[in-house]
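>>> Task: produce atomic coordinates for the following.
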Amino acid sequence: MRLDVRFVDRVGIAQEILAVLARRRLNVVAVEVEPPHIFLDAPALAPRELADLEAALHGVEGVEEIGEVDLLPGARRRLHLDALLAAMPDPVLAVDADGVVTAGNSAAASVAGVAPAALGGSRLGQLFGDPRLEEELVRGGFRVPAREVMVAGEPFVLDATPLEEAHAPGAAGGVVTLQSPQRLGERLQAVQNRALETGFDAVIGESPPMRALRARAARVAAVEAPLLVRGETGTGKELVAHACHLASARRDAPFLALNCAALPESLAESELFGYAPGAFTGAQRSGKPGLLELANRGTIFLDEVGEMSPYLQAKLLRFLSDGRFRRVGGDRELQVDVRVVSATHRNLEEMVRARTFREDLYYRLNVLALDVPALRDRGDDVLLLARRLLERACAQVQRPTCRLTPAARGALLANDWPGNVRQLGNVLFRAVTVCDAPVLDVADLELAGAEAGDAPSAPGGWSAAVAAFERRLLEQLYPQYPSSRKLAGHLGTSHTMIAKKLRAYGIPGTRPGRRA
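Residues are numbered from 1 along each chain as shown. Next comes the predicted model:
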């Protein structure tokens, strides 16, 4: 039976309490004193003896209350700590100031190739096969920068945290954590993709081209082969690639992206393939795993692959042939299981003909292909996207969701959107930021100049400019909505007003005054 004796603290009270149990020849196997409590574990104490014992304990000056507990606090903490360590996927070791392992979790035992019970008492250098590493950690008081180590032939990033005694200077040892490149990749993925919506729900659009894209993407997502995503800038190629990853068998592994156009050749190479210790001036002393290692068993997304240098094209081709590569400055071959999804807005076929992109690499990357349509080819989706982007922009600037006037919706539909969805998002975000009105009109969208496409000139003043805009808008939309009722419904305005405008401008090809 385990007891909690609450008392008023004074010198010698703990010994007097224990003496009461000793006189009754009750063996106490564990004692924990945490004033104003003393916890006792007396296995031989029977329930029928408890009342007599309580009376005797109350006879000790200062004892206030006696109760049963299921576990002593120390045992409970050890139980919770063991459960916490067991739940951690990364190998964790507690090491004393002499480099001797005092505790470790099952992941650490698995990596070291020993039973969990065998971890305690082992030397850190023996487990890692590197006595110099143990010496460096102990000598530095476990204050060393993160570095790469090899354990049982596998690479890990070692992170050490010193343990300080509360009332004494100097290190009492440290906690050593090992992280595999894949685990680091999962954490990097969480940072990179924190703003991405999930799956094909993020690929917004109900137009025929978008329905066809989602249907085809759902089929190719499950196929274990390289995928090439083509489309203009701003169409959402990375969103489609990420959706394909989440729809594949690799969904639980990392999805990591590299923009091939944003980095110089040397930096892009080290980011993709990693580098060995001392590979170049300024490199981390311990080396660094690249995105290919971090994305093991997952997906690597190569954005703007058409901008990749000829040297990197050759190195990527070598990797695609057998999944093997060497780090920059390294001499050891590594092998990973990664699906490569690439994207480009350029015409790779023309680049192959111009000999600026390797033909053999093109056919390696273009096993499966998806074409993301431009926004001007999916006009039915403009207002659907605008509503979603408007909600997101309002939430981002912390203001109530605003609406668009019929004229503003018409202006969005009439625009050519050379920057596609990205440009639409920027226009709406700017409008939400600079305008406080609950309803956004055409002027708030700032679609003048290049963003408005071929904006009509206004030599006749404001009325002429409005009339020119209305004519252009109705001429563009009428072929898609060939009646005044359909067009009014699409623009969210009255049928009477649209019919009047169609007659006034002679659309479709009729004389002014003829009923549409």
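>>> By average pLDDT, which secondary structure element in the protein comes out worst?
helix 181-192 (a mean of 64; mean pLDDT, DSSP states H and E).
>>> Next SSE downstream of that one?
helix 208-221 (DSSP states H and E).
>>> Which elements pack onto that following helix?
helix 237-246, strand 368-371 (3 or more C-beta pairs under 8 Å, 6 or more residues apart in numbering; DSSP states H and E). No exception for glycine: its C-beta is placed from N, CA and C like everyone else's.
>>> neighbouring strands for the very next helix or strand once past that helix, and are they parallel or not?
Beyond helix 208-221 on the C-terminal side, the first helix or strand identified by DSSP H and E is strand 227-230. Within its sheet, strand 227-230 is paired with strand 339-344 (parallel), strand 368-371 (parallel), according to DSSP bridges.
>>> got a list of what Ala108 touches?
Shown in contact with Ala108 (C-beta atoms under 8 Å, 6 or more residues apart in numbering): Pro91, Val92, Leu93, Leu119, Leu178.
>>> By neighbour count, which of those residues wins?
For those, the largest number of neighbours (other C-beta atoms under 10 Å) sits with Leu93, at 27 neighbours.
>>> is it true that that one lies in a strand?
Yes: checked against DSSP: H, G, I helix; E, B strand; the rest coil, Leu93 lies within a strand.
>>> who does it bridge with?
Per DSSP bridges, the residues bridged to Leu93 are Gly104, Val176.
>>> Just to check, it is in contact with Leu119?
Yes: Leu93 is in contact with Leu119 according to C-beta atoms under 8 Å; the separation is 7.1 Å.
>>> The strand ranked longest in the chain: which residues count as buried?
Counting residues, the longest strand found in the chain (DSSP state E) is strand 154-164. Judged by neighbour count (16 or more other C-beta atoms under 10 Å), strand 154-164 contains these buried residues: Pro155, Phe156, Val157, Leu158, Ala160, Pro162.
>>> Same check on stretch 368-381?
Per 16+ other C-beta under 10 Å, stretch 368-381 contains these buried residues: Leu368, Leu370, Asp371, Val372, Pro373, Ala374, Leu375, Arg378, Gly379, Asp381.
>>> Please determine how far the residue lying closest to the third one once chain neighbours are set aside is located from Ala221.
Nearest in space to Asp371, with sequence neighbours left out and distances taken as C-beta to C-beta, 6 or more residues apart in numbering, is Arg230 at 5.1 Å. Using C-beta to C-beta, to the nearest Å, one gets 16 Å for the distance from Arg230 to Ala221.
>>> the more surrounded of the two?
A direct count of neighbours by other C-beta under 10 Å for Arg230 and Ala221 places Ala221 higher, at 24 against 19.
>>> Correct me if wrong: that one contacts Ala247.
Yes: between Ala221 and Ala247 there is a contact under C-beta under 8 Å: 3.8 Å.
>>> Give me the common contacts of Leu93 and Leu119.
With C-beta under 8 Å, 6+ apart as the test, Leu93 and Leu119 both reach Val101, Ala103, Gly104, Ala108, Leu127.
>>> and which of these is nearest Gly62?
The closest of the shared contacts of Leu93 and Leu119 to Gly62 turns out to be Ala103 (C-beta to C-beta; 36.7 Å).
>>> For Ser122, see how far away the closest one is.
11 Å.
>>> quick one: the helices in the stretch 401-516 of the chain?
406-414, 420-434, 442-445, 462-477, 484-491, 495-505 (DSSP state H, counting those that start in this stretch).
>>> name the helices or strands packed onto the shortest one?
Judged by 3+ C-beta pairs under 8 Å, 6+ apart, the packing partners of helix 442-445 are helix 406-414, helix 420-434.
>>> ok, residues contacting the longest one?
Helix 420-434 has contacts (C-beta under 8 Å, 6+ apart) with 232-236, 374-375, 382, 385-386, 389-390, 392-394, 396-397, 399, 402, 412, 417, 419, 440, 444-447, 451.
>>> Quick check on those: which are buried?
For those, buried by 16+ other C-beta under 10 Å: 232, 234-236, 374-375, 382, 385-386, 389-390, 392-394, 402, 412, 417, 419, 440, 444-445, 447, 451.
>>> follow-up on the earlier one: mean confidence score for the longest strand of the chain?
Averaging pLDDT along strand 154-164 yields 82.
>>> Packing partners of that strand?
strand 147-151, strand 171-179, helix 181-192.
>>> Pick out the most distant pair among the buried residues of stretch 368-381.
Leu368 and Gly379, at 27.9 Å, using C-beta to C-beta across the buried residues of stretch 368-381.
>>> any low-confidence regions in the protein?
Within the chain, the ranges that satisfy pLDDT under 70 run 165-171, 184-198, 278-286, 448-466, 509-516.
>>> and Ala112, how many neighbours does it have?
Other residues close to Ala112 by other C-beta under 10 Å number 23.
>>> Ramachandran angles for the residue nearest to it when sequence neighbours are not counted?
The shortest distance from Ala112 to any non-neighbouring residue, by C-beta to C-beta, 6+ apart, is to Leu127 (4.6 Å). With angles defined as degrees, to the nearest 10, Leu127 sits at phi -60, psi -40.
>>> My read is that Leu127 contacts Ala152, right?
No: under the criterion of C-beta under 8 Å, Leu127 makes no contact with Ala152, lying 9.4 Å away.
>>> any shared contact partners between those two?
The contact lists of Leu127 and Ala152 share Ala112, where a contact means C-beta under 8 Å, 6+ apart.
>>> Those two: which is more packed in?
A side-by-side neighbour count of Leu127 and Ala152, using other C-beta under 10 Å, places Leu127 first with 26 against 12.
>>> where's that one relative to Arg139, distance?
18 Å.
>>> How about Gln15?
44 Å.
>>> Confirm that Arg388 sits in a helix.
Yes: judged by three-state DSSP, Arg388 forms part of a helix.
>>> Excluding chain neighbours, what is closest to it?
Ile204 (5.8 Å).
>>> so the one you found sits right up against Asp380, yeah?
No: the pair formed by Ile204 and Asp380 falls short of the contact definition of C-beta under 8 Å, at 11.6 Å.
>>> mind checking how far the residue lying farthest from the centre of the chain is from Ala56?
Taking C-alpha atoms, centre = their mean, the residue of the chain most remote from its mean C-alpha position is Arg23, at 63.5 Å. Separation of Arg23 from Ala56 (C-beta to C-beta): 8 Å.
>>> now do Thr102
40 Å.
>>> Likewise for Gly199?
Taking C-beta to C-beta, one finds Gly199 at 68 Å from Ala56.
>>> distance of Leu299 from Phe156?
Not Leu; residue 299 is Thr. With C-beta to C-beta as the criterion, Thr299 and Phe156 are 23 Å apart.
>>> brain fart, Gly113
Taking C-beta to C-beta, one finds Gly113 at 14 Å from Phe156.
>>> what's the domain layout of the protein?
Domain segmentation of the chain under automatic domain parsing yields 2-75, 88-179, 185-371, 377-455, 457-516.
>>> send the alpha carbons of the helix or strand hosting Ala75 over as PDB?
Using DSSP H and E, Ala75 sits within helix 73-87. C-alpha atoms of helix 73-87 as PDB (Å, rounded to 0.1, in the frame of the first residue of the first chain):
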ATOM      1  CA  PRO A  73       5.400  11.000  -7.500                       C
ATOM      2  CA  GLY A  74       8.800   9.800  -8.600                       C
ATOM      3  CA  ALA A  75       7.500   6.600 -10.000                       C
ATOM      4  CA  ARG A  76       4.800   8.500 -11.800                       C
ATOM      5  CA  ARG A  77       7.400  10.900 -13.300                       C
ATOM      6  CA  ARG A  78       9.500   8.000 -14.400                       C
ATOM      7  CA  LEU A  79       6.500   6.300 -16.000                       C
ATOM      8  CA  HIS A  80       5.600   9.400 -17.900                       C
ATOM      9  CA  LEU A  81       9.200  10.000 -18.900                       C
ATOM     10  CA  ASP A  82       9.500   6.500 -20.300                       C
ATOM     11  CA  ALA A  83       6.300   6.900 -22.200                       C
ATOM     12  CA  LEU A  84       7.500  10.200 -23.600                       C
ATOM     13  CA  LEU A  85      10.800   8.800 -24.700                       C
ATOM     14  CA  ALA A  86       9.100   5.800 -26.300                       C
ATOM     15  CA  ALA A  87       6.800   8.000 -28.300                       C
END
